[in-house]
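K.L.:
model this:
(chains A, B, C and D)
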There are 4 protein chains.
Amino acid sequence: MATHALPARPDPLLADLARCRDLTVALVAPLSDADATVQSMPDASPAKWHLAHTTWFLETFVLRDHVPGYTAFDPSFAYLFNSYYEAEGARHSRTARGLITRPSLDRILAWRAHVDAAIADAAPLLGSDARTLIELGIHHEQQHQELLQTDILHLFAQNPTAPAIWDHPRDTPAAIPGPIEWMPGRTGIVQLGHGGGSFAFDCEGPRHDVLLHPHALADRTVTNAEWAHFIADGGYDRPDHWLSDGWTWVKAEAIEAPLYWQRAGDGWASFALDGLHPIRPAAPVTHISHYEADAYARWAGARLPTEPEWESAAAGHDPAGGNQLDTAGPVRPRAAPAGTGLRALFGDVWEWTGSAYLPYPGFRTAPGAVGEYNGKFMSGQSVLKGGSCATPRGHVRASYRNFFYPHQRWQFTGLRLARDL
Amino acid sequence: MATHALPARPDPLLADLARCRDLTVALVAPLSDADATVQSMPDASPAKWHLAHTTWFLETFVLRDHVPGYTAFDPSFAYLFNSYYEAEGARHSRTARGLITRPSLDRILAWRAHVDAAIADAAPLLGSDARTLIELGIHHEQQHQELLQTDILHLFAQNPTAPAIWDHPRDTPAAIPGPIEWMPGRTGIVQLGHGGGSFAFDCEGPRHDVLLHPHALADRTVTNAEWAHFIADGGYDRPDHWLSDGWTWVKAEAIEAPLYWQRAGDGWASFALDGLHPIRPAAPVTHISHYEADAYARWAGARLPTEPEWESAAAGHDPAGGNQLDTAGPVRPRAAPAGTGLRALFGDVWEWTGSAYLPYPGFRTAPGAVGEYNGKFMSGQSVLKGGSCATPRGHVRASYRNFFYPHQRWQFTGLRLARDL
Amino acid sequence: MATHALPARPDPLLADLARCRDLTVALVAPLSDADATVQSMPDASPAKWHLAHTTWFLETFVLRDHVPGYTAFDPSFAYLFNSYYEAEGARHSRTARGLITRPSLDRILAWRAHVDAAIADAAPLLGSDARTLIELGIHHEQQHQELLQTDILHLFAQNPTAPAIWDHPRDTPAAIPGPIEWMPGRTGIVQLGHGGGSFAFDCEGPRHDVLLHPHALADRTVTNAEWAHFIADGGYDRPDHWLSDGWTWVKAEAIEAPLYWQRAGDGWASFALDGLHPIRPAAPVTHISHYEADAYARWAGARLPTEPEWESAAAGHDPAGGNQLDTAGPVRPRAAPAGTGLRALFGDVWEWTGSAYLPYPGFRTAPGAVGEYNGKFMSGQSVLKGGSCATPRGHVRASYRNFFYPHQRWQFTGLRLARDL
Amino acid sequence: MATHALPARPDPLLADLARCRDLTVALVAPLSDADATVQSMPDASPAKWHLAHTTWFLETFVLRDHVPGYTAFDPSFAYLFNSYYEAEGARHSRTARGLITRPSLDRILAWRAHVDAAIADAAPLLGSDARTLIELGIHHEQQHQELLQTDILHLFAQNPTAPAIWDHPRDTPAAIPGPIEWMPGRTGIVQLGHGGGSFAFDCEGPRHDVLLHPHALADRTVTNAEWAHFIADGGYDRPDHWLSDGWTWVKAEAIEAPLYWQRAGDGWASFALDGLHPIRPAAPVTHISHYEADAYARWAGARLPTEPEWESAAAGHDPAGGNQLDTAGPVRPRAAPAGTGLRALFGDVWEWTGSAYLPYPGFRTAPGAVGEYNGKFMSGQSVLKGGSCATPRGHVRASYRNFFYPHQRWQFTGLRLARDL
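P.N.:
Numbering: from 1, shown residues only, chains lettered A, B, ... in the order given. Alright, predicted model coming up:
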């Protein structure tokens, strides 16, 4: 066993894991025990739950299953912090996650440290199966890093005192971008989906041929200024812009602007984790539902891109570029960079597509608990592409498929227009 | 214009309209005023409402808009019997349709006769726009003929006395079909969607190229006997067969069998408009949701067909063949005919596909109230193909796109398995 | 059997029963099968259900239990038309009463005739137990006569065309009554409750001593004109007038006027079974909840009477006087007769009291199914006294205790003010 | 004003206030910030909210209204921590109290200290109006001390790990009490209600004559052992024991035992703030609804006492005796003391009466915000008497009227039987 004592051979997977785990903890650094405990709606989870659940994942699928003799830090945690893995047995009701005031945030952080240490200790002995699960655990935790930020944002937005947990950066106002330019996309058969060779979630493959019809994409996403114009033009008042389900939602929920927008004088302000500030006109609109995105596109005489249109356009772009999450701090979409051509495909806002989240040809669910990961959600949800300002850099790919129900909008969601040619 | 007076040239469009209108009335012949008035759930409408709404469609879009001087039979009916056309103004709440005991069934039938006569009178003077609307009115009414039957069935199924409104036909029991044979489908680029030349709804086009991947379809639909085996094997008890939304639905609604099934001795009986009778093992299972269809397919190691797979397979089949509605009477799916190859694609049961109901490339909503017809429902619903035993013969086509939410199952819905090759 | 053929000895109980049963049928004479079938809210029952349930009561407790060899007209009816008698076994869900389109209205009327004839045939042989049950059946049916009218009214009020089933009587407008006069009530110990000697429901007794404190009652009930003044003065907008539960109800239900009131020009109109007409200013306000009655009283610097205050005041008044139901036709509260002293205690509108519906000292529930009659409802409801324009004359007494939940207002409910002296 | 500076004259009101305020803080000593923040159901409030609201009461009605120049500690707190005083303006939604993670528990405790100091400073200058409000503030805070304990208990009961915040006391098992003895009560006219001379809430008066009918009360409350027998005898399964609303509640909520009971082996355990332990057979049953209390009484052939019966019986008993709250720590009802005669009227469990919470003759709501205190809740609630193990000693009186809706049971609620003589 002497080999693993050699200091000269750091394990890059372990280094990635450590960086990921540290970032998670940094994201919750400004939170109190109470901040980390409360659940603000059934769709969201407490920060403490995210911290715990990602730890449970590693403790269960890596340590329990691959490290002989490992004993669970606390046997009650499996029940409390399993999310939806039916194969892993009974679990605490999702809507009651916010009632678990104990264990405390400190104890969960101690658990995290314990599991991290146990994995570091065990790492030299782990086989490729376990290492694959660690890699999956990193990507799984990155997903929860994004949810952590949006769930915290949702919680603080319920507080009438609008508390900010990060300093508000002073940035030079960005220039309002010019009118949209239409960028023709590829036509004919293209290969899409993940082809292997690096990590991807099961739902991103198999790689397969797709037939594209003549179309163009907007060179940039829709801005806050454009959205304010949509509102001023009665966008939320005219049923002919809306999907039938969308109109029902607008009326039932009294929707009249994106989530976190509120009227401020003649204009609009929006709330983020650095406080309530006037909307920045040049920045991409965010926190809109699929229904809103679709209504805007109809109002604008356009449509949403399909997933294949978006993905083929993104093929030559650097998925690690753009406004994505590097360190803990305030995140907001930023104005598209000046220039021409397709910009800001990655980062800033998840872009709603017109495609349903459905399996690719030849898709098979993996067996066992880990196999519950994605396939069982392939019903009623829409695909979003490209990542956001809250997505950890390195997490997203052109083939990455995010998915939400069409009414959901607490993620950093926006839109890019498309049209037929 | 004297030529129009020539009696020797019957108008085939008018003849089609008359046949259609007469069939609708025949379908409600066994109903009392009360039977025709009650609404048994928000998804369903009273029979009287169907009779009235189809008449409102003709009176509004043909007589009001194209016959100078026509006066509405009763001006209150536009409010009562508009369905969802926002452009046509305020309308009675969908969920309160069953509270309208007046006008009576007789008065609605009188209105129907009045409108039919007015159209017949006006017909010789109508231009092609109006004639196009009459054709649309026929197809629209055929859709309501099917809903009329399934809504009546749903209503009578709520009555603990299980009343039958049609005589139960005595048929020779069909032979249980043998195991499924897998029929390979076409691969590569095929043209699908409606290409014009005859009537189709807007959502069926434009005709466009689709890329098919290697796959096979089952030669027949799943039978009641096979479904009973699925139940006996714990199909409704194991979450791993189910989509996440489907499993939530099964638990919340305590689902344990298709709609209208009830235990009878050691087996199952099902209710239809000819009463409560033992399930016929050889006949296709029906009244299942998309969730159930999907769960069965997973249990069977298969999947649902995509819409393009189904549609390309159906291209050479006669859409007017099979077990469809010809005259008013009891309808039930029947065992697939003996033989080989793809059978019973049309008629018997609508077949759930794995495809979401979304627009085809180049799809544009038609302007005006009629344009609300299909496009605004393109969210959250799944496509069904092929028509059922309750679909008026002549109504359905290979390109026909029916759509329902994945939990709905009061239509004659079934499934055919597919798999990748 | 020869004795009961003697024509010279009419049985007064049977004559009462026949009158009662005939009045019920007269009340539904203007109804279609559909009108009689639909249930407009969970609190209301279909007219057909009332017709059937009152018949079920007689068939079950008189014919089944006291006439050897009697066979039920239709054995399925016991399940369909039992109301809430747990001891009588399973029954059709209350909220699904409106889904029973069959048996038809005609068949229920035939059942009524059959049961009436069977009781008439059996009458000479019935003992006192059975005769007591017939008497109970009459009073039970009278209660349903009132519900029948208010439930029909509720149903027709949902119809946007506001259909009238009775002709609107042309009456001379009544003079607006002068200001309220306060009538001091009795003080000290009084005997209240029913003391036997004639029919009463179990909850009206035992007769018992009650201690009255110094108080006065208004000489008449509150009028529509006074209520319109309450509205104009912001009565529905100021929480300090309202019970906490009442204010929650006002906000949740967006209440701004009595049930069936709608704005008409500068004033108000109200709907009744003779159509939609301007409110009559001199008539008592009706269709108000306990919450509204209480709020009005606070606004007026007064309070609601207690049940003992009301009952002791009514002791010398003729319970068969006033505006009560004699024959089928349109019913509306009428202006109090001119004069002085307490007027219109009986008839016109049920008067909300400030008393909860609770048992009297020594109250015991009767054993068996009939014993479920009243005692089990003694929770959360308020007492109303005096009968209304829809109460069959002869049904009500000073000791009569009607009860509804404080938010309910589809009965003919009004109020009389009281105050401490 | 120099006299006020004399140290030799401590102000007993200030001393009472200090003791009360200190006890509140002691009750939350074992709580974390998260424990103090979460709201476990709409009926309950977070501990932090109780700490803040009681402070808001003093800051608003004493310091703001009576201390010139006082500035609110934090102006946002008035919005956050007003409870239901409509007259005090807009306030945070009751159901969203648990979403306020900031201000933190520490900051609320600092606010408490600040307000306490400000009152102590101002005390010498306060007039009798302000002193009356301080006295009201003490009694108000004592009410919240009880709610604080029951709300914390409800929260911890939701945690699957059943955390205990207090040590479990080791007590000698109490002897099972013998059968109930019936104690005849007073008959005829008695004076009840609070007559002045010391503090009481407005709803306890005016003192007034009440007429009592012959009756007897059980010498002690119903025990856990007796309740277990009720369960074993099918108490929760037979509708004839239950009020109609109660039976609906039992079925809808799947009630089968008191709140916090769970099956443990052959018997029952119950959860309290010292953990989950076997029920103590001799101790009074608690955490039962009015519906359950009423059902038990019917099953036992008895009834609940009326409020006057209970109050007249309690007249000669020491309201400061019995098992009530003295210091922070675990509270549980204890077995009735050995002996004869009425025992444990005060303390242990609030005793449900059969009386509705309604105003006494001559009751008038006080004007202004403080006047909203009790009167507006006089609808739909039942009276409870006697205080509980969680009631601060000194808070309760014979005339004290506690009230809850009949389905509520998270307070320490129990019952004593009564019967007519």
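K.L.:
A:Ala297 contacts A:Leu304, doesn't it?
P.N.:
Yes: with contact defined as Cβ atoms under 8 Å, A:Ala297 counts as touching A:Leu304 (5.4 Å). All C-beta atoms are positioned from the backbone trio N, CA, C, and that covers glycine.
K.L.:
Spit out the residues that contact these two alike.
P.N.:
By Cβ atoms under 8 Å, 6 or more residues apart in numbering or on different chains, A:Ala297 and A:Leu304 have these common neighbours: A:415, A:417-418.
K.L.:
From those residues, pick the one nearest A:Gly185.
P.N.:
Distance to A:Gly185 across the shared contacts of A:Ala297 and A:Leu304 (Cβ to Cβ) is lowest for A:Ala418, with 8.2 Å.
K.L.:
In contact with the nearest residue to that closest one once chain neighbours are set aside: list those residues for me.
P.N.:
Spatially, and ignoring its direct neighbours in sequence, A:Ala418 is nearest to A:Pro305 (3.8 Å; Cβ to Cβ, 6 or more residues apart in numbering or on different chains). A:Pro305 sits next to A:215, A:217, A:313, A:351, A:353-354, A:416-418 when contact means Cβ under 8 Å, 6+ apart.
K.L.:
What of A:Phe81?
P.N.:
Per Cβ under 8 Å, 6+ apart, neighbours of A:Phe81: A:49, A:52-53, A:55-56, A:92.
K.L.:
let's go with 6 Å and repeat that
P.N.:
When contacts are counted by Cβ atoms under 6 Å, 6 or more residues apart in numbering or on different chains, A:Phe81 touches A:52-53, A:56.
K.L.:
Excluding sequence neighbours, find me the nearest residue to the most centrally placed residue in chain A.
P.N.:
Most central in chain A under Cα atoms, centre = their mean is A:Glu146, positioned 5.0 Å from the mean C-alpha point. Setting aside the residues directly before and after it, A:Glu146 is nearest to A:Ala390 in space (Cβ to Cβ, 6+ apart), at 4.8 Å.
K.L.:
The one you found and chain B, how far apart?
P.N.:
Remark: distance between A:Ala390 and chain B (Cβ to the nearest Cβ, to the nearest Å) = 24 Å.
K.L.:
And for A:Arg334?
P.N.:
In terms of Cβ to the nearest Cβ, A:Arg334 sits 30 Å off from chain B.
K.L.:
Tell me who's in contact with that residue.
P.N.:
A:283, A:323.
K.L.:
where's the residue nearest to A:Glu146, which helix or strand?
P.N.:
Element membership of A:Ala390 [criterion: DSSP states H and E] is none; it lies in no helix or strand.
K.L.:
From A:Arg401, how far off is whichever residue of the stretch 301-421 of chain A sits closest to chain B?
P.N.:
Chain B sits closest to A:Ala356 of the stretch 301-421 of chain A, with a gap of 3.5 Å, by Cβ to the nearest Cβ. According to Cβ to Cβ, to the nearest Å, A:Ala356 and A:Arg401 sit 11 Å apart.
K.L.:
repeat for A:His287
P.N.:
A:His287 is 20 Å from A:Arg401, by Cβ to Cβ.
K.L.:
before we move on, what about A:Leu192?
P.N.:
A:Leu192 sits 11 Å away from A:Arg401, taking Cβ to Cβ as the criterion.
K.L.:
quick check: longest helix of chain A.
P.N.:
The helix that spans the most residues within chain A, counting by DSSP state H, is helix A:128-157.
K.L.:
moving C-terminal of it, what's the next helix or strand?
P.N.:
Moving toward the C-terminus from helix A:128-157, the next helix or strand (DSSP H and E) is strand A:182-184.
K.L.:
Contacts for that following strand, please.
P.N.:
A:216-217, A:219, A:342.
K.L.:
for stretch A:311-327, same thing?
P.N.:
A:185-186, A:190, A:192, A:217, A:334, A:342, A:344-348, A:387, A:389-394, A:396-398.
K.L.:
Kindly report the same for stretch A:270-281.
P.N.:
Applying Cβ under 6 Å, 6+ apart, the external contacts of stretch A:270-281 come out as A:153, A:157, A:162, A:164-166, A:168, A:176, A:224-225, A:260-261, A:268-269, A:330, A:332.
K.L.:
can you rerun that using 7 Å?
P.N.:
Defining contact as Cβ atoms under 7 Å, 6 or more residues apart in numbering or on different chains, one finds that stretch A:270-281 is touched by A:152-153, A:156-157, A:162, A:164-168, A:173-174, A:176, A:223-225, A:260-261, A:264, A:267-269, A:330, A:332.
K.L.:
what element comes up after the helix or strand of chain A with the lowest mean pLDDT heading to the C-terminus?
P.N.:
Across the helices and strands of chain A, mean pLDDT, DSSP states H and E gives its lowest value to helix A:77-81, namely a mean of 89. Next helix or strand after helix A:77-81 toward the C-terminus (DSSP H and E): helix A:105-122.
K.L.:
roughly how far out does that next one sit from the chain middle?
P.N.:
Chain-centre distance of helix A:105-122: 25 Å, with Cα atoms, centre = their mean, to the nearest Å.
K.L.:
List the buried residues of it.
P.N.:
Buried residues in helix A:105-122, counted by 16 or more other Cβ atoms under 10 Å in any protein chain shown: A:105, A:107-109, A:111-112, A:115-116, A:118-119, A:122.
K.L.:
Stretch A:93-107 spans what distance, first to last residue?
P.N.:
Taking Cα to Cα, to the nearest Å, stretch A:93-107 runs 21 Å from one end to the other.
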